[in-house]
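Trainee: got a predicted model here, sequence first, then my questions.
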Amino acid sequence: MAINADDDDERDPIELGILEREIKRVRFGRYVIIQGSSETRGHGTIGNAALWKQHLAELLQRAPRMAK
C-alpha cells in the first residue's frame, strides 16, 4: 500500500503519475491519494496519522493471519 497526498509533495509529485504507474508492478498493490486540505503538508502528511490511519487499519484487517 502506498499513501500520498495530492498537495505539493516534493518527493513524489502526483502530477507526474509515478505512483499510479509503478503500483501496477506490485502484486496486490494499491494506493490511496489523500485530498489536499489545510491539514495536509505535502510529503509531511505522513506525520499526521489521523489522515491515513483508517487506510492502514483496512489493510491490516485484510492481511492474512500467521499461525502461532
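Mentor: Received it, and whenever you're ready, just let me know what you need. Numbering: from 1, shown residues only.

Trainee: which secondary structure elements does the helix-or-strand element of the chain with minimal mean pLDDT contact?
Mentor: None of the helices or strands of the chain scores lower by mean pLDDT, DSSP states H and E than strand 2-5, at a mean of 87. If you count contacts as 3 or more CB pairs under 8 Å, 6 or more residues apart in numbering; DSSP states H and E, strand 2-5 packs onto strand 31-34. In this view, the C-beta of every residue, glycine as well, is placed from N, C-alpha and C.

Trainee: the strand it packs on: partners in the sheet, and parallel or antiparallel?
Mentor: strand 2-5 (parallel) (DSSP bridges).

Trainee: give the buried residues for the partner strand.
Mentor: For strand 2-5, a neighbour-count test (16 or more other CB atoms under 10 Å) marks Ile3, Asn4, Ala5 as buried.

Trainee: ranges for the helices of this protein?
Mentor: For the chain, helices defined by DSSP state H occupy the ranges 18-22, 53-62.

Trainee: what pLDDT does Gly29 get?
Mentor: On pLDDT, Gly29 comes in at 90.

Trainee: so what's it up against?
Mentor: Met1, Ala2, Ile23 (CB atoms under 8 Å, 6 or more residues apart in numbering).
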